Every structure is written in structure tokens, then in C-alpha cells.
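# using only what follows, build the 3D model:
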Amino acid sequence: MTDVFEVLKKDHEEVKDMLSELGDGPTAASGATAAQLAERKRLVDNLIREESRHEVAEQQYFWPALRQLGPEGDRIADQALEQETEGEKALDALDSLAPDDQRFESVLATFISDARAHIAFEEAHAWPLLSASLSQQESAELGDKITRAKKMAPTRPHPNVPPQPGTLKTAGPAVAAADKLRDAMRDRNQHD
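Residues are numbered from 1 along each chain as shown. Model prediction:
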């Protein structure tokens, strides 16, 4: 069993790598070729998928565990969920924008900055508070729950779905199935 902080750290590292690659990549304004822009959109699609899965899994299990710690846990979870909701809105916008659209780079730059700030906030505030209250066994069980939840989670942002664990656990599988079908169609169209 992998503990929750190892699971989340791996996710955060993957996302930070994606953010760096996107931050350094060629843009339409810098003269990127059509192939480079297509690759940029593919990278954004991968970021959207990974972030969507990660955030839903956290919303189902991590933030509720933090809330069990009382007012300080509630305060941190509320702030983090507000950040995640804003991130979902940006990812939703990116999902519908082409990489040569004027808004694409500004929305992406804002998301990159906000995502880095969210990761830093979570690691500096939520992780220490929760790690001080979990046994090794509880941490491993929470890590397993998050790992399983990611496999069943939606792959697209749904900013209008409240980040409530019950809602996500009930609606999540149906939404995830629709997202995965949409992803398959999009992937197939990109290869045709």
C-alpha cells in the first residue's frame, strides 16, 4: 500500500512537469507551426485529464479527511476547494479553445500560475495538518482510496458539479463514462 502523500506527490510532480513543458512550449504568437500547436493542444488535453481525475479523487476523499480535523481543516479545505473550482473553470475554457485562439495562452498562463500556487498551498498547509493526525495504516488506506477513485473519475472538468463527496461518488461514474467516450472520439479524430 502506498501512503496518501506518496500518491499525491507523484500526481503533483507529473502536473508540475506538464506545466513546465507547456510554459516553455512554442505558441501561436511566437510562430509555432501547425504541428507544434497540435502537440500543444494534445499536452493541454493530457493536463486536463490528469488534473480532472486528481481533483475529483481529492474531493471525494482527501478534503473530507482534512475536514474531520475541525475548524482548521475546514478552513484549509474551503480555500483549496475554491482554488480547485477556479482551476476547473480555466480547464473547461481551455478544453474548448484552440491553441491558436488569442485567449488560449492567457487562460493557460493563468492556470499554470494558479495550479503552482494551489500545489504549494496544499503541500504547505493541508499535508502537514493531515499527516500529523493519520496513522501509517490510515494514510495507506486513504492513498488506496484516492488511487481507486482516480481510475473511476471523470476526465474532463465539470465546474458546475459541486465538489461534494456524495455528489461526486454518485454522479462520477456516469460522468466519467461519458468523458471517456468523448476522449476516445477526440483521440480518434486527432489520428484520422
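# residue 41 versus residue 35, what's the distance?
Noted for residue 35: a distance of 11 Å to residue 41, by C-beta to C-beta, to the nearest Å. For glycine as for every other residue, the C-beta is placed from the backbone atoms N, C-alpha and C.
# which one of these two has more residues nearby?
residue 41 (18 against 8; other C-beta atoms under 10 Å).
# which ones are touching that one?
Shown in contact with residue 41 (C-beta atoms under 8 Å, 6 or more residues apart in numbering): 98-99.
# and the closest residue to residue 23 other than its chain neighbours, how many neighbours?
Nearest residue to residue 23 in three dimensions, chain neighbours excluded: residue 112, at 5.5 Å (C-beta to C-beta, 6 or more residues apart in numbering). Neighbour count for residue 112, taken as other C-beta under 10 Å: 18.
# how about residue 20?
12.
# element containing it, please.
Assigned by DSSP states H and E, residue 20 falls within helix 4-24.
# ok, residue 72 next?
Assessed by DSSP H and E, residue 72 sits inside helix 71-96.
# which helices and strands does that helix pack with?
Helices and strands touching helix 71-96, by 3 or more C-beta pairs under 8 Å, 6 or more residues apart in numbering; DSSP states H and E, are helix 34-57, helix 63-67, helix 102-121, helix 127-131.
# show me the contact partners of stretch 91-98.
Under C-beta under 8 Å, 6+ apart, the answer for stretch 91-98 is 37, 41, 44-45, 47-48, 51-52, 103-104, 107-108, 111, 156-159.
# can you say which of those are buried?
Neighbour counting by 16 or more other C-beta atoms under 10 Å classes 37, 41, 44-45, 47-48, 51-52, 104, 107-108, 111, 156-159 among the contacts of stretch 91-98 as buried.
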